[in-house]
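A.B. asks: Structure for this input, please:
(one chain, ligands or ions: 1)
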Amino acid sequence: MVIAIDGPAASGKGTLAKRVAKAFGFAHLDTGALYRAVGISVLRAGGDPADAAAAARAARDLHPEDGILADPDLRTDEAAQAASKVAAVPEVRAALLDFQRRFAERPPGGAPGSVLDGRDIGTVVCPSADAKLFVTASVEVRAERRLKELRERGIPAIPSDVLEDMKARDARDSQRTVAPLRPAADAFVLDTSALSADQAFDAAIDHIGSKTGLGPRA
Ligand code: CDP
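C.D. replies: Numbering: from 1, shown residues only. A predicted model of the protein is given here:
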């Protein structure tokens, strides 16, 4: 059983994916962390994430099993910007595809299913996923959420900068030629602009239940 959750930055898809995975006892993969890890590897090697050859090399050398996905540096805005640059390189996307599909087909720990969240799970990585959600919210709401998240982590942030960064990343993610950000034709679009995290979770569980017959574990 595979559940695909896609959407733009700070739409709440990560939080939702974690909760959905927990509710069903499934394994969860935050695929954005893979792109962030590639971005950070390029930066650490002194390279430019927009350099396609350097990005492709870093993606081929990535060993996601080695713990890099838990590196706190992945959560910085610098990593997010680098991620959206390396993510536009076709060789990077191709190099990360196998790991994602293997995770979906054989979830670690023998879990009975998996939840993958990202930008292209329902369209490219797992086009035959059992349920697909496209989680979105207005850019203003998403910038507000990201600001709150940064402040909670003690990272100083300027509201107008966060909004501009969000718009820049949206533009890069939706305008790139490979796997641009867009809902799959058969995805359930969940606009969370006016929903709490609990309301978004309930709507997601309802949709997944209607597609798969699954109910959350007690
Ligand atoms: O958490 P947030 O939405 O801010 O970012 P993320 O999901 O960690 O993704 C970081 C960047 O990686 C995005 O801006 C995308 O450019 C890229 N990405 C992608 O291209 N495809 C995916 N499946 C996941 C992330």
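A.B. asks: State the phi and psi torsions of the nearest residue to residue 181 once chain neighbours are set aside.
C.D. replies: Spatial nearest neighbour of residue 181, chain neighbours left out: residue 173 (4.2 Å); criterion: C-beta to C-beta, 6 or more residues apart in numbering. Yep, even glycine has a C-beta here, placed from its N, CA and C like the rest. Main-chain dihedrals, residue 173, degrees, to the nearest 10: phi -70, psi -40.
A.B. asks: and if you look at residue 136?
C.D. replies: phi -140, psi 170.
A.B. asks: can you pull the pLDDT of it?
C.D. replies: Residue 136 carries a pLDDT value of 96.
A.B. asks: That one pairs with what?
C.D. replies: residue 191 (DSSP bridges).
A.B. asks: Residue 188 is in contact with that one, correct?
C.D. replies: No: contact criterion C-beta atoms under 8 Å: residue 136 and residue 188 do not qualify, at 11.3 Å.
A.B. asks: neighbours of the residue nearest to residue 181, just the number please.
C.D. replies: Neighbour count of residue 173, defined by other C-beta atoms under 10 Å: 20.
A.B. asks: which residues does it contact?
C.D. replies: 8-9, 84, 87, 119, 180-181 (C-beta atoms under 8 Å, 6 or more residues apart in numbering).
A.B. asks: neighbour-wise, which of these leads?
C.D. replies: Greatest neighbour count in those, by other C-beta under 10 Å, goes to residue 87: 30 neighbours.
A.B. asks: Grab the nearest non-local neighbour of that one.
C.D. replies: Per C-beta to C-beta, 6+ apart, closest to residue 87 is residue 35, 4.7 Å.
A.B. asks: How much space separates residue 80 from residue 133?
C.D. replies: Distance of residue 80 to residue 133, given as C-beta to C-beta, to the nearest Å: 21 Å.
A.B. asks: ok, these two, which is more surrounded?
C.D. replies: residue 133 (31 against 20).
A.B. asks: Hmm, residue 115 and that one touching each other?
C.D. replies: No: the criterion here is C-beta under 8 Å, and residue 133 misses it with residue 115 at 9.7 Å.
A.B. asks: any residues in contact with both of the two?
C.D. replies: In contact with both residue 133 and residue 115: 3, 5, using C-beta under 8 Å, 6+ apart.
A.B. asks: from the contacts of residue 173, which has minimum pLDDT?
C.D. replies: Within those, lowest confidence goes to residue 180 (85).
A.B. asks: Give me the neighbour count for the closest residue to residue 34 other than its chain neighbours.
C.D. replies: Nearest residue to residue 34 in three dimensions, chain neighbours excluded: residue 96, at 5.0 Å (C-beta to C-beta, 6+ apart). The tally of other residues near residue 96 (other C-beta under 10 Å) stands at 23.
A.B. asks: which parts of this protein sit against the ligand?
C.D. replies: Taking C-beta under 6 Å from any ligand atom as the measure of proximity, the chain contacts the ligand at 9-10, 14, 31-32, 35-36, 80, 83-84, 87, 118-120, 169, 173.
A.B. asks: Let's see which of those end up in helices.
C.D. replies: 14, 32, 35-36, 80, 83-84, 169, 173 (DSSP state H).
A.B. asks: now the helices for this structure?
C.D. replies: 13-24, 32-44, 52-60, 77-86, 90-105, 139-152, 159-175, 197-212.
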